[in-house]
Each structure stands twice: as structure tokens, then as C-alpha cells.
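K.L.:
Here's a sequence, model it:
(2 chains)
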Amino acid sequence: MDADNQPLNEQFVLLRHRQHLNISDLDIYRRLGGFDAFQKAITSMQPGDVTEIVKASGLRGRGGAGFPTGMKWAFIDYKNWPHFVVANADESEPGTFKDREIMEGNPFQFLEGVALCAYAIQSQVAYIYLRGEFWQLAAWLDRKIAEMEAAGLLGEGLFGTQYNLRIYTHLGAGAYICGEETAMLESLEGKLGQPRLRPPFPPSFGLFGKPTVVNNVETLTNVPLIVARGAEWYRSMGTEKSPGVKIFSLSGSIERSGNYELPLGTTFRELIYTHGGGIPGGRQVKAIMAAGASSALIVANDEALDTPMDYESVPRVGAQLGSASVIVIDDSVSIPWLINKTMHFFKHESCGKCTPCREGTYWMMHLTDRIAHGAATREDVELLRDVANQVKGKCLCALGDFSTEAVLTGIERFQADFELVVASPQAST
Amino acid sequence: MKMVTLTIDGKPISVPEGTLIVNAAKKAGIDIPVFCYHPKMEPVGMCRMCLVEVGRSMIDRTTGEIMREADGSPKLQFGPKLETACTTPVGEGMVVLGMTEKAKAGRQDIIEFLLTSHPLDCPICDKGGECPLQNLTMGFGGGESRYLYDEKKHQDKHVPLGELIYLDRERCIQCGRCVRFQDEIVDDSVIGFFQRGRSLEIVTYSEPGFDSIFSGNTTDICPVGALTTADFRFQARPWELRPAASICTQCPVGCNLAFSTRREAVSGGHWVIKRAMPRQNEWVNEIWICDKGRFGYHYSKSPDRVQQPLVRRQGELVPATWEEALGKVSEHFKEAGSGLLTVAGGRLSNEDLYNLGKLTGHLDGKKALYSTMGGGDSTLQSGLQPGSNLADMGKGSAILVIASDLHEEAPLWWLRIKQAAERGAELIVVNARPTRLDNYATHVVRFPYGVEAAAVLAMVNTLSAKRPDLPESAAALGRDAALQAAAKAFAEAENAVIFYGSEGTNLETSTALAQACQNLLLATGHVGRPNNGLVAVWQRANDQGAWELGWRPTANLSAAMQAASALYIVAADPAGDDPAYLAGGGLGSQDQAFLVVQDLFLTATARLADVVLPVQAWTEREGSFTSGERRVQRFYPVVPATTGSFADFSVAGQIGQHLGLDLENRLASRVFAHLAEELPAFSGLSYSRMAETVEQWPIVGRGDLYYGGTTYENSQGLGVQLPIVGQAGLSWPKLSEINIPRLGMLAVPVARLYDRGSTLLPSSILHQRIPEPYVLLNAQDAERLKIPDGAAVQLIPAEGETGLGVRAVARLDAGVPERIVLVPRSFGLPIPVPMAISLRLAERVLV
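P.N.:
The predicted structure is shown next:
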């Protein structure tokens, strides 16, 4: 990283607790300039100015879709009130564990991001929707929110202005689907977590039918420094179309798994070998899942390894960057076994609202069970491909389509593994 | 309304902007298959069956013009994915392709998915034969299964969601129609989805299970055999059933029914009714009915019905021939002459009432409608008229409901008024206690029981001060801001309708109430136009028809019966309803007049009769009823009548013949023809006119049952709304108030949907929903009277004998006003009109 682009000698943009161990202490956070951006925004900036800076920074949603954040904020319907901010802390994609580290280590920067977003869209209430297993984290955030309230950073008439803001945490009941923004809104409203039809999108019809911005934890955590240091500073990192830094959650067959904050555009090779220390046991990397269980399987050849990890480049190797949860698969792994794992996950997590996902994941789980356990024929593999294609493109939300990614790319790109299993039963187990 | 032109499968069609593709196609006669979509509900896009290819005109971003191909046709852009026709609104120039290989393959995919988890039990499924899944599988399915049978998930097949509706969890395809019907349409959110994915299931979270008076409708819109009624479950196969058109007799709404009948060995080779289903009439019940109408028909085939004439010999009622019975009746009637009193109930058809009236008139006798509710004259002058439809009322309209609990008394009116309010109509609910309609009201006005008419006059006064001499109680009400706001909203509405009921009133005060309502309508210009006027929430199905035909209640039925020298009581049971008639009404006494009772059952009154004449149930004959909205509707024979039985009009006609009066006694249509000739409001009406239909939306039945459900299409007539004949004028009613007694309590009869009346109790399927006789009072009064919740109490009339108190269970209800005891009607508690009583703890406390 270029030191000139890091004022104050900061080594991190998001994982700052790794440098400032006590940044979760409000005094320390403020001593490091924390909440200056928030104060500046509400005392000297118009709400629209905040959105403009975020727009100019090129920040894109870190939850997976990569939608331009500032543009989302600008979509808020100003004819309909009140507005809400919902921080998506449902972090349920297998292999993704970045938001948890942010909230545990650097909670105030995240909360300040929530506050800035709220001010930008003139929302007076923000919710943090956490997956049910994050109950300790919710309690931790509640304490941090209470500290902010005690310090006058949340509440009524902030910094002597007319602006009021409250932030609340809300625990889900442990469903993957509630990471999908409209299912999350349903769940937050107290209903069964199932996705809504889109359009309308949350900026026009969101929580309780009101205009709502839903952003990922990591996305919002970028915002305070963007407002403090400017869009240009942020654009100095990453690539032109994918500016800034990203936390890559690295796991699987890797020496040093963990979260890595790197500029967007860093190659898979650099992440896996330079930062992750390579594959243990002298084995070779066979495949990469760049977006957790929802990933297409990338064949880990040289071309793929040298592909920059940004929103534009990863599709060139037939996959998506998604939430950048990079799961490394080595040559000891049977792909039929792998997709059987992902199918069990998707079958378990399908919300059941739409037919193809509800029935398709159940069917594919049975097929991959048989295939992975050497009890299948070549026709079963063909059938699996058919079923996956039947699901794909027909679901109510994107998550149904995601369930087919590993299956379809696995069959297409790792044909030999399937040949092995159907030709000689037992090979895979 | 802006129209949009598009083509669907090559067929051009123009529809209003905002129409969904699936409905546009339906209007063009093109079927796009659906499971989760239902035209009466918001789309959800869950089942994914309605996949189509959609091409949209490309717009040049710089000019805003439609881009065109070289040949001038609009340039189209098709999305990469198939789209759901049920969630996509039409667009100008849109091209929808539903029959391409891609679209057909998409539908086949969805069918295959649905069938992977659906059981193969069509041969024993109640829906088999009228099942959208079955039909659409034939139309769009692949024809063979690729799913391993052993991998099928097996689930519970007999899950009672309540005692009325059963769920087969295997058959459920999770379309959510039932849940959405309960949430969106009837606002009884008592069922919902539980779990997720392949384990997603419908559960009930009410006690008792599936606690909704509209629950049966979910079985009609369920696109598979997952939801079935306990009534029809495993009773017959749909293809064996013959539909017969009828009208519900349980309340004055006049819901259109279709009875499904079958001739079966288990019933001795007789034609029997297997189920009651809604029949579409978008002016009356749309495609819904309440559970009372659906399950309450069993009385028509009760084994307790009187089968043959009975005459009293040596003090005993014994079977007799018709000839003997009719001979005896006509002899006594002739003898009585003008001393004849005919008492008729509102359950009778127009034809019955006409002939009974003619017969009575021939002898110069007197006639009385058996009812404690008045005001029918006001409905004749200012009632609804042709062209009225609650479905047309919304923004700009006002509906005022007074002295009625419509959810209990007339469920479909409740539903349609609620929906009018949801469309933006001003809903003004004026009651002495809270009712469920309050939830949707824009104005809620409270008043004490007994001053109903004054409350309405206070509204009139607020607007125009036409009657300054109101009693203080009304004047006080007029100072109520809620009442003033309500009056203003009512006056400002373009169209306005008043529904008045009989809660808290007697004949005199309800007549005054109706007149007061009429004044409000006249003062605000809400008469003489469609969707304006007065509707009476009668206690019986054809009370309106009785008023139209000249029947009126009598102020003192006891005295009238005592004065009569012959009594002809038809479809009424005064002795059973109120023992007071026994004491002072001339019934059952030594000097009882010659008594003829004509009824389905051997009622308490019939047991006192000299002659009992059995009649056909409405399912065994034809006729017509007039609904509270003044719609005259035909009902048809559903099952053959037993040989030697007669309809009420025929019995009256035959008595007439014995007396030398030429009365039609064979054909109901001819009776109706006479009636139409004589009564101006019915002028020009005939059975054939009432049988006319027009195209209705949504399209239901037959090949369209996948779309609107198994509701029957209406091919037998929508009925005709009566015109207003004559002019209405302001007339100020004499105000007499019912006062709460100084000591004791005021007992107020209230209607309960599920009561213990003779036309409901034979439906044993409903018994768990019908409570033991009970009364309601508030906690303060209960505390004062030292009556614990659930205790047995005695109701002792303030006047009269003290020892005759009847027993009931006391229940506490916060909505009951102070010093009021609510007494459900038709529970054997003899409180026909508000009266002073005292309430005393009975010795034994019921658990």
C-alpha cells in the first residue's frame, strides 16, 4: 500500500482495531477523529452533500451486489416519510466473517457510518439487523449505542441542531434468507422472513412501507472516513470502477485463513499466496469460491489466479466477487462432495416461498447425495444439471439462483470428478 | 382511465393502465396458468407458474421516442429471463409470448417441481376432478416423473386446522392463497406459514383452530386438495355432483349459493345435498360466503322435520291426510272469517307471502309479520335501487352503520363495507358498544342504548338544525364532536348508504330509527340515486320481501293473538321464542283460538296446534327472496321433494281453493307473475328476467377454476334490484326512548352468527362453535352483583312472575356498557326486545 495515501499513518480503513487495539473505547475512537465526520455533516453540511461525497467516492455495496451506495441513497423517495436506515448485519453467507470482526473490533466506525447514512437520508431511526447467532454481538453494540447516547452522539437535538437519531439492534431468528434485504425487512417487521417482490425497491417501499436504505455493515463502515477525508482519497485506492478497499474473508485450504483488508483489484494469487501463505501440505489449489456457497466454482488456473478481485474482473473467469468470501479448494477435494455440501446448505436455508428454490434445492440435495456417495449414474448427473437449469432464472429472489451456481459450474468445469464418481462408485467417499 | 394496447400471443388487446398481464390475457380469452395468483388478491409471484416472455418497446433515451425497426414496427427488447405474468403490469406496445417453447418449458419445469413433493393420491382426493394442479398438469406437465418415489417427503395428511377445515400437508403447494385470503380479504389473521423451505407448512394460531367465520372460502381458492371442509371431506367425487342454484336463507344479504347434489346408494337412492358452495354474484356476495351459509344448510334435510299433516284428536296430534287436514283448516278459517290472524315469518319466499296475504285478505282477516323490527316503509321509500353495488363504493362515498353488529348479523355486508372503507369510503359506525367494524371506521360514534333515533336526528340537526325541539338526550349527543364530524363526512359524500339494525330497539323505536335515518338521507340528498339509500339489517332472509308485499309487524302480537278466533302461524315459533306468549298471548291456554301451524319442524308452537301442516324446505322447491339491498333473486329446486309435500305458497293456495278463492298453487313462477302484476315495484319482473346474467369479473368456474377457484359461475340469474316507487318526504318520528331501569339491568338482545336457532342447530358440524346459552356484562356490574365470570345466572323479568327466570352462563366483556346485559338471540333466552331484568346468581356454578 502506498503510505502517501494513508494520512495519520493509518494502516487500515476498516480493520483499524488491528492497529488501534482499543478503538472500541469511545474516548480512543474520538481521539482518533471519530465522530468528527458526523459532527461536521450535521452541523455544516446539507444531507444531500453527504450523499454526493459518497456518490463521488464510487463506494459500492459490500454485501455482494456491488450496487453504488451513493446512488442508492439518492433514490430515497422524499415525498414519503419517515425514512429508515437498516444496517444488514445478517452475515450468513458461508465463508463470510468480515462484518462480525468490524462490529467486534471497530464498532464506533460502523455506528458512525450508520449515523451518517441516517443524516444523509434524514432518517431519525436506524436499525441494525443481526443474525440470531450474533446475540452477544447485539448486546455489545447495545452497550456501544448506550455510550453514544450518554455522550450526546445519539438522541435529540444532536450537536445543537434539530436533528434527532436513535439506533436499535434487532436479532433475527437465524435464517440465511434474512440477509436478502426485503426478507430482512419482513423479518424486522415481525413477519416470516421471506423476500418481497421487487420492484418496488426499499428506497421507495422499505421498512413498514417507508423509504429505506439497506446497507451492509462493511459498506457503512467505509462512510466516516470518506466524509472525513474526501472522495478523492477513497478513489486513490482500488480500481477505477471498484474504488477503495475490501475485506476478503479467506478460508478453506489455506495456511493463514482470516480477514484481509486489501484494495479492490488485488489478485487471487496475491491474496492466497502472499497474504494467506499458500496451500497447506504442498497441495495445489483446484478451485476457488469467491462468494461463499453462492459462488460459481472458478477453475484455479494461472489466468484465474492473476485475475484482479474487483466487481468487473471476476466475471471474466465466470464468477462473481459477491461478498468476497474466498474459499480455497485444494486438489484433495472431490467437487461432487463439495456441491453436495452446498446443496445441503441451500436446501436447509431455502425459505420456501417460491417453487423452484423450495422444490429444486430439495431435489438437488437428494441427487447430489446419491452422486457424492457413489450411488448415481451418468444420467443422474445430467438430471442434476437439468434441475439446476430449471431453478435458474425462475426464482423470486437471487438466492434461488445462487443455489445453482456451484452445481452448474461444477458439472461443467470439473467433469472428470463426476466421471470418476459415476464410473467407480465409492471413489468420492 | 388511460388505456394501454399490447399483444398477447399475437392477439391485440387494450386494457386499463396498471392491469397485470395475467388479467389482460384472461380478458382476451387467453389462459396463463397460475396457482398463487388470485384475481381478488394482491399478486405475490410465489408459485412461478405464470412464466411468459415479455418484449418491451425500446425507448430512445435522448428523444423519448419509441425506437422502430426498418419496417416501422416498434423495436422490442426481450429480457433474458422469463417473467411472471401475475406481477408484471402491461405496457404500451408490449408483446407477451406465452406459448413459445421457452415459456412452455418454464411452466413444465414448475409443474415438475410441484409434483416432486405432491402425493399421488388424486384417486382419493376431494379436489380430484376440479383440481387446478391436476388440470394444469394435463395442460402443461411433462407426462412422466423423473423424481424417485422413495425420495418423496411424506407428511401428515389429516391435520385439523380447526374442526371445520382440514389440512393435508403433503398436498399443500405453499401458494399462500389461504393465508392471504385470511389476512387481506377478511382480516382474520388466524393461519400462517410456519417453518421454511420444504418444511413450510400452514398452521393455525387461534383457539379454537382456524377461528374465522369465512374459513370455508379458503377451500374454494385452494388450488389443490390441501384444504377441505369437514362437511365435504371424503363425501363425494366432484364429477358425480350436479350443481343447483340457490340463495342462502340465513340472513338478509341473499348470498348466491350452488348446492352440489348427488343421487347415492348410501342415502337410499335419493338425491342429497353434498355441499354448499358460493355462486358468483359480484353485486351481492362476489365469490364468497360465510361459514354459516356454507355449513348451516343441514336443517333442510333434518330427520326431525314434520313429514305429514297432523291433526289433534283426543288431545293428541296424530297423522292425517292432506285432505282431512286442509278440510279442517278451511272449515275453521271460514268460520273465523275476519277473526283470522295470519302470522308469517321472514323465512318465507315472496310467493308464499303473496298467497298467504291473498288468502287472509279473502277472509278479511288480519296479517302480521313475525318481527320486532320496524322501519320497512322507510326502505320502500328510500331504499337501494337498481344499479347499486357496495363494490362501487370507495373514495367519495360514505356508509353509516347504526345499531348493528354486521360481523355477526350479515357477514358479507360486513366484508364488503370493510372493503369499501379500505378503498377510501367514509365509514361511520354508530353503536352503543364496540363492534368489529369499528376497526375500519373513519368515524366511531357511541351513544347509550335506547336513544338510537335521537342520535341520528342529532346528526341531522348538526347539519341543518331542522328539528330544534329534540329531547335533551339527543341535543347532548349533538354536541359530541365525533358525531358532528361524522355528520359532516356523511353530508359531504357523493354517495351515501345507511345500514340500520335492530340492536337495542323494539318495534316502535326501530321504526323511529328508520325514519330518522331517512331524514338524514333526505336532508343530505342521498336518495333517489344508485348507491344511496337505506338498508335494513333484518333478522330474517326475506323480511324485506315481506315489507314489499305489504306485511307489517304488529305492535302487540300477544293481544292480536288473543283477540283472534283462528290463528295461522307460518314459519314462526312465538311460543318457543318467548314464553310470555304462553302466559298472555292466548297460546296454550284453555281458550286458545283454533291454531294452524305451518312449519318444517314440530316447534313449541306447533305442539300447541290443532293442525300442523308440513312444508317443503327451500331446497326442495323454487321461489324468490328479496334481499336487504332490495334485490329479488330466484332459488331453484335442489333436490326432489317427497311425493305429497307442498311449498308454503301451495298449501296456502290449496286452502284458498277450499274457500273458493282462485289461488295459484302449482307454479311459483305463476304466483310471481300475479305478484308482479299487482305490485308497482315488481312491475315487469318475471322469473326469466331474474334469471338473466351478464359477464362477470373475475371469471370463475369450469375451465377457469384454476384462476378464480371452485366458486360456481352464475348461469342461473343475478336477480333484479327493485326500483323506488313513490316519493319520500321528511317526517319527524315521535321519539320514545328506552330507559335503563333505576334498579336492575337492561337486557338487550344481540345477534350472534352461530346461534341455537332451528335453522342452524341441525348442522352438527357447527356445534363446537355454538356456545351454551350465555349473557354478557361488564366487570364492574359483575363485581357489584357478585357474579364471577362463567357463573350460572338467572334472568328475572322486572315485570311479571319472578319464579320463571331462565338460566345462562354469565361472561364478562369490557365492551358492554354499564347496567346492560347483552342477551344473544335464538339461544332460548326469552328477550326479544330490550327489557328491564334483574340478574341473580343461580345456585349451581357451571364450570
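
K.L.:
Would you mind naming what in chain B lies close to chain A?
P.N.:
Within chain B, the residues that sit near chain A (Cβ under 8 Å from any Cβ of the partner chain) are B:43-49, B:51, B:80-82, B:87, B:106, B:109-110, B:112-114, B:116-117, B:146-148, B:151, B:153, B:173-174, B:192-193, B:195-200. Using the backbone N, CA and C atoms, a C-beta is placed for each residue, glycine as well.

K.L.:
Buried subset of these as a PyMOL selection?
P.N.:
Filtering these down to the buried ones (16 or more other Cβ atoms under 10 Å in any protein chain shown) takes a single PyMOL command:
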select buried, chain B and resi 43+44+45+46+47+48+49+51+81+82+87+106+109+110+112+113+114+116+117+147+173+174+192+193+196+197+198+200
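
K.L.:
Which single residue of the stretch 601-750 of chain B ends up nearest chain A?
P.N.:
With Cβ to the nearest Cβ as the measure, the residue in the stretch 601-750 of chain B that lies nearest chain A is residue B:706; the distance is 15.1 Å.

K.L.:
Setting aside sequence neighbours, what's the nearest residue to that residue?
P.N.:
Sequence neighbours aside, residue B:132 is the residue nearest to residue B:706 in space, at 3.5 Å (criterion: Cβ to Cβ, 6 or more residues apart in numbering or on different chains).

K.L.:
cool, residue A:83 as well?
P.N.:
Ranked by Cβ to Cβ, 6+ apart and with sequence neighbours excluded, the top spatial neighbour of residue A:83 is residue A:123, at 4.1 Å.

K.L.:
Hmm, that neighbour is touching residue A:84, no?
P.N.:
Yes - counting by Cβ atoms under 8 Å, residue A:123 sits close enough to residue A:84 to count as a contact (5.4 Å).

K.L.:
Mutual contacts of the two, please.
P.N.:
residue A:213 (Cβ atoms under 8 Å, 6 or more residues apart in numbering or on different chains).

K.L.:
ok, the two, which is more surrounded?
P.N.:
When neighbours are counted by other Cβ atoms under 10 Å in any protein chain shown, residue A:123 and residue A:84 differ, and residue A:123 comes out ahead with 27 against 23.

K.L.:
Distance-wise, check that one relative to residue A:216.
P.N.:
17 Å (Cβ to Cβ, to the nearest Å).

K.L.:
For residue A:331, give me the pLDDT.
P.N.:
Residue A:331 is assigned 96 on the pLDDT scale.

K.L.:
my guess is it meets residue A:282, correct?
P.N.:
No - no contact is recorded between residue A:331 and residue A:282 when judged using Cβ under 8 Å, the distance being 10.3 Å.

K.L.:
Between those two, point out the one with more neighbours.
P.N.:
Per other Cβ under 10 Å, whichever of residue A:331 and residue A:282 has more neighbours is residue A:331, with 12 against 7.

K.L.:
who touches the more buried one in this structure?
P.N.:
Going by Cβ under 8 Å, 6+ apart, residue A:331 touches A:283-286.

K.L.:
Please report which of the residues you listed has the highest neighbour count.
P.N.:
For the contacts of residue A:331, counting by other Cβ under 10 Å, the largest number of neighbours falls to residue A:285: 24 neighbours.

K.L.:
What sits closest to that residue if chain neighbours are left out?
P.N.:
Using Cβ to Cβ, 6+ apart and skipping the chain neighbours, the partner closest in space to residue A:285 is residue A:300 (4.3 Å).

K.L.:
Which pLDDT value belongs to the one you found?
P.N.:
In the prediction, the pLDDT value recorded for residue A:300 is 97.

K.L.:
quick one: contacts for it?
P.N.:
Residue A:300 touches A:268, A:284-288, A:329, counting by Cβ under 8 Å, 6+ apart.

K.L.:
how about CSV for those, with distance to residue A:197 and secondary structure added?
P.N.:
Formatted as CSV, those follow (distance: Cβ to Cβ, whole Å; DSSP: H, G, I helix; E, B strand; the rest coil):
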residue, distance to residue A:197, secondary structure
A:268, 36, helix
A:284, 45, coil
A:285, 40, strand
A:286, 39, strand
A:287, 35, strand
A:288, 34, strand
A:329, 36, strand
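
K.L.:
hey, where'd the helices end up in the stretch 501-650 of chain B?
P.N.:
B:507-523, B:543-548, B:557-563, B:574-577, B:580-584, B:648-658 (DSSP state H, counting those that start in this stretch).

K.L.:
For these, which has the smallest mean pLDDT value?
P.N.:
Here the helices of the stretch 501-650 of chain B differ in mean pLDDT, and the lowest is helix B:580-584 at a mean of 78.

K.L.:
next one: phi and psi at residue A:259?
P.N.:
phi -90, psi 140 (degrees, to the nearest 10).

K.L.:
Number of residues surrounding it?
P.N.:
Taking other Cβ under 10 Å as the criterion, the count of residues near residue A:259 is 23.

K.L.:
now swap in residue B:485 and tell me
P.N.:
Using other Cβ under 10 Å as the criterion, residue B:485 is surrounded by 16 other residues.

K.L.:
Contacts only, for residue A:318.
P.N.:
Contacts for residue A:318 were tallied using Cβ under 8 Å, 6+ apart; they are A:296, A:298, A:409, A:413.

K.L.:
if we go to 6 Å?
P.N.:
Shown here is residue A:318, whose contacts under the criterion Cβ atoms under 6 Å, 6 or more residues apart in numbering or on different chains are residue A:296.

K.L.:
again with the one 5 residues further on
P.N.:
By Cβ under 6 Å, 6+ apart, the contact set of residue A:323 is A:64, A:93, A:96, A:291.
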